[in-house]
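Q: coords please:
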Amino acid sequence: MIRVSTILLSIFILLSIGCEDPKTEEKTGIQFEVDGQTTEMLYFSSTIIGESKDRVLTIKNTGTAKLKVESIVFGDGSDLEEFDFSSIESQLPLSIPVGGSDEFALTFAPNKVGSHFAKIIMTGNFGKKELKLVGFDNYPEVSSSPQIVVFESATGTQYRDFKIENIGNAVLTLMETERNPNPVFLGSGTDTNVFKIVESTIPAPNTQICPKEAKDETCGGIPKFITVTVEYTPVNTNGDQGSAVITSDSNSNPNYFVQINGNMRACSLVIAPLSNDTLDFGTRFIGSENGFPKAVSITNKGSENCLVQDIKLSESTDGAVYWLKGVDSDELPTLPATLERFQSLSFLVYFKPTAVQAYGGTLIIEGDDPMWVSNQSKKEISLVGTGVEYTTPIAVCGQTYYEVEPAIDNPNNPVSVIQVDGSESYDPGGSRLTYKWEKISAPQGSAAQPISPSSAITKYFVDLAGEHTLKLTVTNEYGLQDSCEVTAMGITGNALHVELFWSVAGDVDLHFKKPGVGEDGWGTTSDCYWSNCVGGLNWFGNGSAANPQLDRDDIPGTGPENMNISQPFGQNGQTYTVGVKNFSNSRTPTATVRIYCNGGLQFEDSRSLPRTKDFWHVASIEWTTQNKCNITPIGTVANNSGSW
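A: As a prediction, this is how the structure comes out:
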């Protein structure tokens, strides 16, 4: 006999196998790809001004539900004129099936020199997703063709041309300097009795040169090169060497040298760095254990091979004060050594003073440079250095007190960023210094750090209201240190200032609701938040001091986000409401809100927001007609699945 309960159990099992769980939750997911690689940042290579480049962005649905993209906007601080996403915008609202993807072209079209940045924010049923866009520098770069002007076997006046070219990707401008009214002139040490630049070929200041690789129509009549003529009249048979200097706004080489060789001898050994055949160590501290090295190079700049026979110190040179070593070992390079044209060899000369006094010596290099024949085929180089006692460095912080509006880091209005300057720090004994900037105190929740902590000059973002203290420590070559401090006060100049920061990185958002609006006002134009209030929201008429502004939306970090009203509209009994939403931070953040009224801290509270979409009703603010604020804590947390 079959029991009814057995039959019912069998039917239940069959139904369970044949049906999906109706409570299975579908999840949305969005992913950006470029060239098959997942990315959060899209780079455009250097692009000539007036031209454009496209990159293909793939938007992929990685979730288990249909993906819907409802809006796309530029983020705060974006270079709006240089980037274009209309290919995506024109398709909105966009729908991508599960496992599917769609491709769109993003365009970079620079119209001015410089680095260009933007971020685009997409919103939809997945929440919001940010993509950063970067367009690399457009820069001019000077060059010449040829790079060395050579006169061979000249017996009378001869002429040679070289071209000034632009191998960068922006227009190059030739420039005059304070010392030279012309942008092309003979370099220091060049014998003007034998070398001249033909005056009629010297370009005028502000002459422009189009990039060498640019399309002709891009140049608009600007030439791609300028031809300059050099005149050479030899006065003896020893050979001559000089240079022409080109001054311009070149990115990496504003003073470009064109070498000029006239009747150069077969072997020409050039030793560097020297000043009037002297290697100067300057002042050095006595008592150094290892001594102070200087690298010396010998280069063959002749037309044929040269022989370096020997490198040594004179017998009268004190070997305990000066000595020679190889660059990579204690041994000098193997000698004799043959140097081909433009080939070099290098070695180190050490100086170790033992007393407070001046020291001299002589370095001797023997070779077959014909100019050395009269001195027994050797070159004698004077060594000079002075011993001094140890000294302690002096740290100088320059300006030591700042007052700034906190947490406004729009690159077009960097009022919250201070520049601190320790470049006037020094060591009385002349020792080189290293620098270390560090934050030693700040309001709780501050995440800011010196941007370049090991530079003499750095910048610091005052991210929260209150006192921030930076310390500079300078250290000399012997480990001796000195310090100084800089104080930056974050002081809000707005009558109402609301700050939010949180404990762990991820997206948490500040909301600020208009008076007289109910709960359905969150996520609308009655709510000042990331989607509509960066740059301001028009609640009380254009230009009204009562309009709110969200100064920053921090998606990846720990804040802060802040909202400011220059002068709230006084209405007794009408209240603004402050809210905080855990947009997509899955790391259980603890959010903290501070409210400042007329420059003073009037409210501070914290809440844990363990679930994404948790919404904390923080407090209500009544701004009275007497220009005072009454703050009432609310403190409730509820989950809100809205896309805002």
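Q: helix or strand: which one has Ser87?
A: Secondary-structure element containing Ser87, defined by DSSP states H and E: helix 86-89.
Q: can you list the buried residues in that helix?
A: Burial within helix 86-89, assessed by neighbour count using 16 or more other CB atoms under 10 Å, is assigned to Ile88. Bear in mind the C-beta positions are built from the backbone N, C-alpha and C, glycine included.
Q: how far does it sit from its chain's centre?
A: Averaging C-alpha coordinates over helix 86-89 and over its chain gives two centres that are 30 Å apart (CA atoms, centre = their mean, to the nearest Å).
Q: so who does the closest residue to Leu464 other than its chain neighbours touch?
A: Setting aside the residues directly before and after it, Leu464 is nearest to Pro443 in space (CB to CB, 6 or more residues apart in numbering), at 4.5 Å. Contacts here follow CB atoms under 8 Å, 6 or more residues apart in numbering; on that basis Pro443 touches Leu464, Ala465, Gly466, Glu467, His468, Gly490.
Q: hang on, the first one packs against Ala442?
A: This means Leu464. Yes: with contact defined as CB atoms under 8 Å, Leu464 and Ala442 form a contacting pair (7.1 Å).
Q: can you map out the helices along the protein?
A: Along the chain, the segments classed as helices by DSSP state H run 4-18, 86-89, 216-219.
Q: and the second one, what does it pack against?
A: For helix 86-89, the elements it packs on are strand 67-74, strand 101-108, judged by 3 or more CB pairs under 8 Å, 6 or more residues apart in numbering; DSSP states H and E.
Q: now do the first one against strand 101-108, angle only.
A: With axes from the mean of the first three to the mean of the last three CA atoms, to 10 degrees applied, the angle from strand 67-74 to strand 101-108 works out at 10 degrees.
Q: packing partners for strand 67-74?
A: strand 53-61, helix 86-89, strand 94-96, strand 116-124.
Q: pick the most buried one from these.
A: Across these, averaging neighbours per residue (mean count of other CB atoms under 10 Å) puts strand 116-124 on top, at a mean of 20.
Q: quickly run through the sheet partners of that strand, with directions.
A: Each strand that strand 116-124 pairs with, and the sense of that pairing, follows from DSSP bridges: strand 67-74 (antiparallel), strand 127-135 (antiparallel).
Q: Serialize those to JSON lines and add fields for distance to Gly36 and mean pLDDT.
A: As requested, those are exported to JSON lines (distance: least, CB to CB, whole Å; pLDDT from 0 to 100):
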{"stretch": "strand 67-74", "distance to Gly36": "19", "mean pLDDT": "88"}
{"stretch": "strand 127-135", "distance to Gly36": "16", "mean pLDDT": "85"}
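Q: among those strands, which is nearest Ser425?
A: For these, the distance to Ser425 is smallest for strand 127-135, at 34.5 Å, taking CB to CB.
Q: buried ones in the closest one?
A: Neighbour-count burial for strand 127-135 flags Gly127, Lys128, Lys129, Glu130, Leu131, Leu133, Gly135 (criterion: 16+ other CB under 10 Å).
Q: pretty sure the fourth one contacts Glu40?
A: Yes: in terms of CB under 8 Å, Glu130 counts as a neighbour of Glu40; the distance is 7.2 Å.
Q: returning to that earlier point: so for the helix holding Ser87, mean pLDDT?
A: For helix 86-89, mean pLDDT is 78.
Q: likewise for stretch 388-396?
A: 88.
Q: tally up the residues packed near the residue nearest to Phe285 when sequence neighbours are not counted, please.
A: Excluding the flanking residues, the one nearest Phe285 by CB to CB, 6+ apart is Tyr390, at 5.2 Å. As a burial measure, the neighbour count of Tyr390 was computed by other CB atoms under 10 Å and equals 16.
Q: for Asp614, same thing?
A: Counted with other CB under 10 Å, the burial measure for Asp614 works out to 22 neighbours.
Q: you'd agree it is up against Ser584?
A: No: shown here, Asp614 and Ser584 do not form a contact pair, counting by CB under 8 Å, at 11.1 Å.
Q: quick one: buried residues of stretch 303-319?
A: Judged by neighbour count (16+ other CB under 10 Å), stretch 303-319 contains these buried residues: Ser303, Cys306, Leu307, Val308, Ile311, Leu313, Thr317.
Q: then stretch 37-46?
A: Neighbour-count burial for stretch 37-46 flags Leu42, Phe44 (criterion: 16+ other CB under 10 Å).
Q: got the contact list for that stretch?
A: Counting by CB under 8 Å, 6+ apart, stretch 37-46 makes contact with 31-34, 53, 55, 57, 106, 108, 130-139, 169, all of which sit outside it.
Q: comparing the helices and strands packed on strand 67-74, which yields the minimum mean pLDDT?
A: helix 86-89 (a mean of 78).
Q: from Lys301, how far out is Leu335?
A: The gap separating Leu335 from Lys301 is 20 Å, by CB to CB, to the nearest Å.
Q: hang on, isn't Thr362 packed against Glu380?
A: Yes: Thr362 sits in contact with Glu380 when judged by CB under 8 Å, with a separation of 5.6 Å.
Q: re earlier: check the buried residues of strand 127-135 and tell me the two furthest apart.
A: The two members of the buried residues of strand 127-135 with the most space between them (CB to CB) are Gly127 and Gly135, at 27.2 Å.
Q: before we move on, back to that, okay, and the common contacts of Thr362 and Glu380?
A: Both Thr362 and Glu380 are contacted by Ser314, under the criterion CB under 8 Å, 6+ apart.
Q: circling back to that earlier point, out of the strands paired with strand 116-124, nearest to Ile88?
A: Distances from Ile88 to each of the strands paired with strand 116-124 were compared using CB to CB; the shortest belongs to strand 67-74, at 5.7 Å.
Q: who's in contact with the nearest residue to Pro610 once chain neighbours are set aside?
A: Closest residue to Pro610 apart from its sequence neighbours, by CB to CB, 6+ apart: Thr588 at 4.6 Å. Contacts for Thr588 (CB under 8 Å, 6+ apart) come out as Val504, Ser608, Leu609, Pro610.
Q: how close does Val388 sit to Asp369?
A: Val388 sits 36 Å away from Asp369, going by CB to CB.
Q: between those two, which one's more packed in?
A: Neighbours per residue, other CB under 10 Å: of Val388 and Asp369, the larger number sits with Asp369, 24 against 18.
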